[in-house]
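**Student:** This is a predicted model, with the sequence first.
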Amino acid sequence: MKINGIILVRSASSRLKNKCYLEFGNINIIEHIIKRCKYYKINPIICTTKNKEDKNLINIAKKNKIKFFAGSSKNKILRISDCCKKYNITAFHTIDADDPFFCGSEVKKSFSLLSKGYHVIKPSKSSSSGGASVGFSIVAEIFHEITKNLKKNEDTEMMWNFFKLSKKKIKIKTFPNQKYNVKNCRLTLDYYEDYIFLKIIRDFLGNNASRKNIYKLINKMPELAKINFFRNSEWKLNQSK
């Protein structure tokens, strides 16, 4: 089963400056995301914007010999739709560059559900609450259709709010929480405290750490989660806005 992982990334970041270029072992965050995709046999595609500062992301994609696409800066749905058209992609999984320890096995399980007639598989509740284990699995046709009802520069950062624009009845399923989803723990990268916490996990377990081993580490050393979990309420508030 070939999975195209569309890596959504931009150089600009408001809360943690240039976070995709932060050091993460011997490489930076975005290179880590690319290598983690390859480790789980997911085909990585950098999907960024046409903004000048994002040319560096394209250079990184070229350096790592992977596909890339630069599109609309505001309209994420259009950007992804155009990326899919360029590479004749019929279905994909979104890989967020903010989630350095996404779970490859969950990505594969999520993507496999599309074969059961679903058009969209949403992230699990645990993942959406800061667990950062899995993204969206989506049939590209849905995005192609939605873009027809959007303004070219419309802000579609929160993609799920626009699924209702599809004239076709979309079959949506939320991916179930998995066995090793870590509770009361924040594994996404938005704040400096997140970076410190994620680096500590990397120092203990390495770049290819499995969710199972992360789960075991946090259960063994629950005090680690206190480094950044207090940020979760602020992050959720920003997501709701």
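**Tutor:** Thanks, I have the structure now. These figures come from a predicted structure and were not determined experimentally. Numbering: from 1, shown residues only.
**Student:** Longest helix in this protein, please.
**Tutor:** Taking DSSP state H as the criterion, the chain has its longest helix at helix 192-205.
**Student:** Go through that one and flag the buried ones.
**Tutor:** 193-195, 197-198, 201-202 (16 or more other Cβ atoms under 10 Å). Bear in mind the C-beta positions are built from the backbone N, C-alpha and C, glycine included.
**Student:** With respect to residue 156, which of these is nearest?
**Tutor:** Of all these, residue 156 sits closest to residue 194, with 24.4 Å by Cβ to Cβ.
**Student:** Show me the helices in the chain, by range?
**Tutor:** Using DSSP H, helices in the chain cover 29-39, 55-63, 76-86, 104-112, 125-126, 140-147, 192-205, 211-220, 232-240.
**Student:** Just put these in CSV and tack on mean pLDDT and distance to residue 12.
**Tutor:** Formatted as CSV, the helices of the chain follow (pLDDT from 0 to 100; distance: least, Cβ to Cβ, whole Å):
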stretch, mean pLDDT, distance to residue 12
helix 29-39, 98, 13
helix 55-63, 97, 11
helix 76-86, 97, 14
helix 104-112, 97, 26
helix 125-126, 94, 28
helix 140-147, 94, 23
helix 192-205, 97, 17
helix 211-220, 96, 28
helix 232-240, 70, 16
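**Student:** JSON lines for those helices, including distance to residue 13?
**Tutor:** Converted to JSON lines, the helices of the chain look like this (distance: least, Cβ to Cβ, whole Å):
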{"stretch": "helix 29-39", "distance to residue 13": "11"}
{"stretch": "helix 55-63", "distance to residue 13": "12"}
{"stretch": "helix 76-86", "distance to residue 13": "15"}
{"stretch": "helix 104-112", "distance to residue 13": "23"}
{"stretch": "helix 125-126", "distance to residue 13": "24"}
{"stretch": "helix 140-147", "distance to residue 13": "24"}
{"stretch": "helix 192-205", "distance to residue 13": "11"}
{"stretch": "helix 211-220", "distance to residue 13": "23"}
{"stretch": "helix 232-240", "distance to residue 13": "12"}
